[in-house]
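Visitor: Predicted model, plus sequence, below.
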Amino acid sequence: MNRALKRISVAVLAMFLLLLVNVNYLQGFETSSLSTRPGNIRAVSEANQHQRGDIVTADGVKIATTKPSNDLYKFLRVYSSGAVYAPVTGYDTIYSTSGVEHAEGALLSGNGPQLAFRNFIDMLTNKPQKGATVQLTINSKAQLAAYQGLENILKGTHHVGGVVAINPATGAILAMASYPSYDPNVLASHDGTKVNTADEALLKQSPSPLLNNATQTTLPPGSTFKIVTSSAWLTQDSTRTTNSMVYSPQVLTLPQTVNKLHNDNNEFCGGAGANGQTTIIQAFSQSCDTTFGRLGMDLGGGALKRTADLFGMNDPTLQIPGVTVAPSQYLLPPSLATTAFSAIGQFSDTVTPLQEAMFSAAIANNGTLMKPYLIQQVTASDLATVQQAQPSVLNHSVSPAVANDMKQMMIAVVQQPQGTAFQFNSGNENGLVIAGKTGTAQNLLNGASPNPDAVFTAFAPAVNPRIAVGVIVQGGGYGAAAAAPIAVAVIKAYLGIP
């Protein structure tokens, strides 16, 4: 009997000690984790007892702010032009956060360690605690043009699209629009039932408005990938120039397959005969598939992948605070025939609109690709800067000489009469010259539309680039018809050109 009681006593003592250790561990080491855990009502209540900081654009437009609330919490989150900026701001609900609201949540709520001294001073002076203001790199005019462009062409369809604009010199994201989108205000309610109902309705929608198609959705790049193929070819031999001759057949016979590669409408390339030659700049501006299919086979998949990597593809480490980024992919093709298709942006090539903007940004910045970022700075309530962006280099994609050749080739796409985007040679009256590349990508995977995806990447002004843009419109048709007009509108909006 005594032995049994002793065993029970030892077991109870052991459990008590384990409980004591667990409580002390939670209090000593897991405080931060518990306080930020979704659904922690005390943390939610504490976060809403103080005025949350604003989220503003680079040009000073408030896109997320707070207003007084008469319910359990003191303040309610409010989003202006919610659907336009949703991929940027994300949402702030009583259960969870996303986007910039999540990435900078501690500073926006005023509870970040960087604000501890400021909060102490406010307490001594009896001032109400207030969260920090987060200033983004987004330009409101460019963002609105990007969203409206997508909405005008995609509304009423079941297709998706995205736009990203970047400052080539710094990597600052000037616009990041996605369609379809949603209004974060419906999730900002303090009524849990309303939040759940709104969330369930959004989750049922297809395609999902909660997905950021600017950075998460990957689709074939089509002929915009010829920027990579051309860069690899020019890099391979320093004696090559924009006027170097390349083989440009009307039909390219692919080895070990019955498939053949044709140009659009089975046309001849750059004035070449059925088995003739043309300059690389003519083939690029006219977007000749047979030319670049042959160049891809000559270069090989390894060279194409190395160059694609330098432009930011296949990089799972690319992270942007406040943004979920899906890596763009160039996979080594298994044969020469598939290498030819990959060289023109087909086969297994996939990119995001962000990647499309990065293609142009690298060329515009003399071959140096800057790391994209979204948050410019964070300031406390006394206007002291607590966080400041520092531009950094992601990759040296190509040499300055190759970048200059590519720049001339991208200008030819828009400026030369045979260029696939010549119809946008419309800014000359106000001095604007745009450099770009169209893409029309076949995409029949996963039941997608049989209509091609429209793709366009560009930068401007061509001489002194200030903005690089990438656009993908699923099922939009030709890149010049659906994607290019959106990019041009974003460029003009940012540069202040009517």
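Guide: On my side now, so go ahead.

Visitor: and stretch 367-386, how far apart are its ends?
Guide: Across its full length, stretch 367-386 reaches 32 Å end to end, with C-alpha to C-alpha, to the nearest Å as the criterion.

Visitor: Now that stretch: buried residues?
Guide: Buried positions in stretch 367-386, judged by neighbour count with 16 or more other C-beta atoms under 10 Å: 367-381, 386. Every C-beta, even on glycine, is put in place using the N, C-alpha and C of the backbone.

Visitor: for the residues you listed, which one is nearest residue 293?
Guide: Nearest to residue 293 among these: residue 367, at 25.1 Å, using C-beta to C-beta.

Visitor: What sits closest to the closest one if chain neighbours are left out?
Guide: The spatial neighbour of residue 367 that comes closest, neighbours along the chain excluded (C-beta to C-beta, 6 or more residues apart in numbering), is residue 403 at 3.7 Å.

Visitor: Show me what the host helix or strand of that neighbour packs onto, helices and strands only.
Guide: Under the criterion DSSP states H and E, the helix or strand holding residue 403 is helix 400-415. Counting contacts by 3 or more C-beta pairs under 8 Å, 6 or more residues apart in numbering; DSSP states H and E, the secondary-structure elements packed against helix 400-415 are helix 226-236, helix 280-286, helix 353-364, strand 435-441, strand 453-460.

Visitor: Tell me the gap between that helix and the middle of its chain.
Guide: The chain centroid and the centroid of helix 400-415 are separated by 24 Å under C-alpha atoms, centre = their mean, to the nearest Å.

Visitor: which residues sit against it?
Guide: The set of residues external to helix 400-415 that reach it, using C-beta atoms under 8 Å, 6 or more residues apart in numbering, is 227, 230-231, 234-235, 238, 241-242, 280-282, 284-285, 287, 360, 362-367, 397-398, 419-422, 424-425, 433-438, 458-459, 462.

Visitor: Mind checking which of these are buried?
Guide: 227, 230-231, 234-235, 242, 280-282, 284-285, 287, 360, 362-367, 397-398, 419-422, 424-425, 434-438, 458-459, 462.

Visitor: Adding mean pLDDT and distance to residue 108, write the helices and strands packed on helix 400-415 out as TSV.
Guide: Formatted as TSV, these follow (pLDDT from 0 to 100; distance: least, C-beta to C-beta, whole Å):
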stretch	mean pLDDT	distance to residue 108
helix 226-236	98	38
helix 280-286	95	46
helix 353-364	98	24
strand 435-441	95	37
strand 453-460	96	33
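
Visitor: Contact partners for residue 228?
Guide: Residue 228 makes contact with 304, 307-308, 311, 330, 359 under the criterion C-beta under 8 Å, 6+ apart.

Visitor: Compare the residues you listed and tell me which is most surrounded.
Guide: Of the contacts of residue 228, residue 359 is surrounded by the most neighbours, 32 neighbours in total, counting by other C-beta atoms under 10 Å.

Visitor: Surely that one and residue 229 touch.
Guide: No: counting by C-beta atoms under 8 Å, residue 359 does not reach residue 229; the two are 11.5 Å apart.

Visitor: Among the helices and strands packed on helix 400-415, which comes closest to residue 92?
Guide: Go through the helices and strands packed on helix 400-415 one by one with C-beta to C-beta and the one that ends up closest to residue 92 is helix 353-364, at 23.8 Å.

Visitor: Specify the angle between that closest one and strand 435-441 in degrees.
Guide: When axes from the mean of the first three to the mean of the last three C-alpha atoms, to 10 degrees is applied, the directions of helix 353-364 and strand 435-441 differ by 150 degrees.

Visitor: next structured bit after helix 353-364?
Guide: Immediately after helix 353-364, counting by DSSP H and E, sits strand 368-370.

Visitor: Neighbouring strands - and their directions - for that next one?
Guide: With DSSP bridges as the test, strand 368-370 is paired with strand 393-396 (antiparallel).

Visitor: Show me the shaky parts of the stretch 351-498 of the chain.
Guide: Applying pLDDT under 70 to the predicted model, the residue ranges of the stretch 351-498 of the chain that meet it are 426-430, 443-450.

Visitor: no no, the stretch 51-200 of the chain
Guide: Low-confidence regions of the stretch 51-200 of the chain, defined here as pLDDT under 70, cover residues 117, 120, 122-126.

Visitor: mind listing what the residue nearest to residue 321 when sequence neighbours are not counted touches?
Guide: Here the nearest residue to residue 321 in space, its sequence neighbours aside, is residue 103; by C-beta to C-beta, 6+ apart that works out to 4.3 Å. By C-beta under 8 Å, 6+ apart, the contact set of residue 103 is 321-322, 375.
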